[in-house]
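Visitor: only geometry, no sequence info:
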Ligand code: ADP
């Protein structure tokens, strides 16, 4: 039998040291866990909470909201996508608002005329004349043009219409458009082009520009019924000019004609046919393409409407 007599105070001291260290470590760990929780909540939960409340605002019809795009990649991507959705929704909303405003403002007059004349023709014997019927047809045609123009401009300005650039032969495109006017034999419509040029643009929309300018020239040209279209190339740009021999446009009105619904002389019989939207459509399309455009006009001599696009080399 071996008897050992030893004091255990060093072991006690070690246990005590270990206990104190354990307490410290626990404290530090608790502190780190708390810090981590706060950090994660700030960087993950908070942005999601913010996005959620913004989404709720969007849901109530407030399309001007902006989603937070900061934070981790996935959250910033979510914010970005939601911002895109909000922008698209607001475009559609502005298209809807514009259409309602325009419809109530412009469609009422022709509709009132159509209803009025139809009622007169129904109720009064002898009023069923070709002239009255022609008025109804004219008003209905005007309505169709108006609706088409309104749809075009609203779609263009709200950016909901797709915009597809392709390389196409502008000269050929103008020739095709002018062929459709070949039935207007009493008009002298000419087209002169240096050479065939290719441009990179939305063919359908550029055709609409040419159409609107030629239509205006035909509508407002003088008694000699001359409309001259020319296409020239200079410094890598193609310039298309549409010239008429009409009354021209007063200098102080030249800026306003590009505005929506603006007509120089509303009482003018010819101007009554138009919608006042044609040049506004031209302006919007050329702005989209970054093309220059303008008009030179002299009262009594006629007007020259022109636009320029980059030539594809
Ligand atoms: P509208 O459908 O009335 O022609 P536009 O936007 O095409 O609408 O033109 C706006 C206005 O500019 C016209 O009402 C007209 O007064 C004037 N205008 C446009 N083109 C010509 C032109 N070639 N000659 C004279 N005036 C013009």
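Guide: Here it is on my side, so go on. Since this is a predicted model, take the numbers as computed values, not measurements.

Visitor: quick one: low-confidence ranges for this protein?
Guide: Residue ranges of the chain with pLDDT under 70: 99, 102-103, 105, 266-273.

Visitor: interface residues of it facing the ligand?
Guide: 212, 216-217, 220, 244, 246, 249, 257, 262-265, 271, 274-280, 303 (CB under 6 Å from any ligand atom). For every residue, glycine as well, the C-beta is placed using N, CA and C.

Visitor: what's around residue 283, how many residues?
Guide: 19 (other CB atoms under 10 Å).

Visitor: over to residue 51?
Guide: Residues near residue 51, counting by other CB under 10 Å: 18.

Visitor: just the strands in the stretch 101-250 of the chain please.
Guide: For the stretch 101-250 of the chain, applying DSSP state E, counting those that start in this stretch gives strands covering 166-169, 188-193, 198-201, 226-234, 237-244.

Visitor: adding distance to residue 130 and mean neighbour count, write those out as CSV.
Guide: Below are these laid out as CSV (distance: least, CB to CB, whole Å; neighbours: other CB atoms under 10 Å):
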stretch, distance to residue 130, mean neighbour count
strand 166-169, 44, 13
strand 188-193, 30, 15
strand 198-201, 45, 20
strand 226-234, 30, 18
strand 237-244, 31, 21
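
Visitor: adding distance to residue 9, write the ones you listed out as JSON lines.
Guide: Formatted as JSON lines, these follow (distance: least, CB to CB, whole Å):
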{"stretch": "strand 166-169", "distance to residue 9": "94"}
{"stretch": "strand 188-193", "distance to residue 9": "111"}
{"stretch": "strand 198-201", "distance to residue 9": "93"}
{"stretch": "strand 226-234", "distance to residue 9": "105"}
{"stretch": "strand 237-244", "distance to residue 9": "99"}
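
Visitor: span of stretch 235-251 from start to end?
Guide: Start-to-end span of stretch 235-251 (CA to CA, to the nearest Å) is 29 Å.

Visitor: can you give the distance of it from its chain's centre?
Guide: Chain-centre distance of stretch 235-251: 26 Å, with CA atoms, centre = their mean, to the nearest Å.

Visitor: burial of residue 249, as a residue count?
Guide: When neighbours are defined as other CB under 10 Å, residue 249 has 21 of them.

Visitor: and what of the one 4 residues further on?
Guide: Neighbours of residue 253 under the rule other CB under 10 Å: 13.

Visitor: next, count neighbours for residue 62.
Guide: Neighbours of residue 62 (other CB under 10 Å): 12.

Visitor: what's near enough to touch it?
Guide: Contact partners of residue 62, counting by CB atoms under 8 Å, 6 or more residues apart in numbering, are absent.

Visitor: got the contact list for the closest residue to the ligand within the stretch 51-200 of the chain?
Guide: Per CB to the nearest ligand atom, residue 149 is where the stretch 51-200 of the chain lies closest to the ligand, at 7.5 Å. Residues in contact with residue 149 (CB under 8 Å, 6+ apart) are 275, 277, 278, 281.

Visitor: mind putting these in CSV, neighbour count and secondary structure included?
Guide: Putting the contacts of residue 149 into CSV (neighbours: other CB atoms under 10 Å; DSSP: H, G, I helix; E, B strand; the rest coil) gives the following:
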residue, neighbour count, secondary structure
275, 20, coil
277, 24, coil
278, 22, helix
281, 21, helix
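
Visitor: between those residues, which is closest to residue 28?
Guide: Nearest to residue 28 among the contacts of residue 149 is residue 281, at 70.7 Å by CB to CB.

Visitor: wouldn't that closest one be in contact with residue 206 here?
Guide: No. Counting by CB atoms under 8 Å, residue 281 does not reach residue 206; the two are 11.8 Å apart.

Visitor: for residue 297, what is the enclosing helix or strand?
Guide: Element membership of residue 297, judged by DSSP states H and E, is strand 293-298.

Visitor: that strand: partners in the sheet, and parallel or antiparallel?
Guide: Neighbouring strands of strand 293-298 in its sheet, by DSSP bridges, are strand 302-310 (antiparallel).
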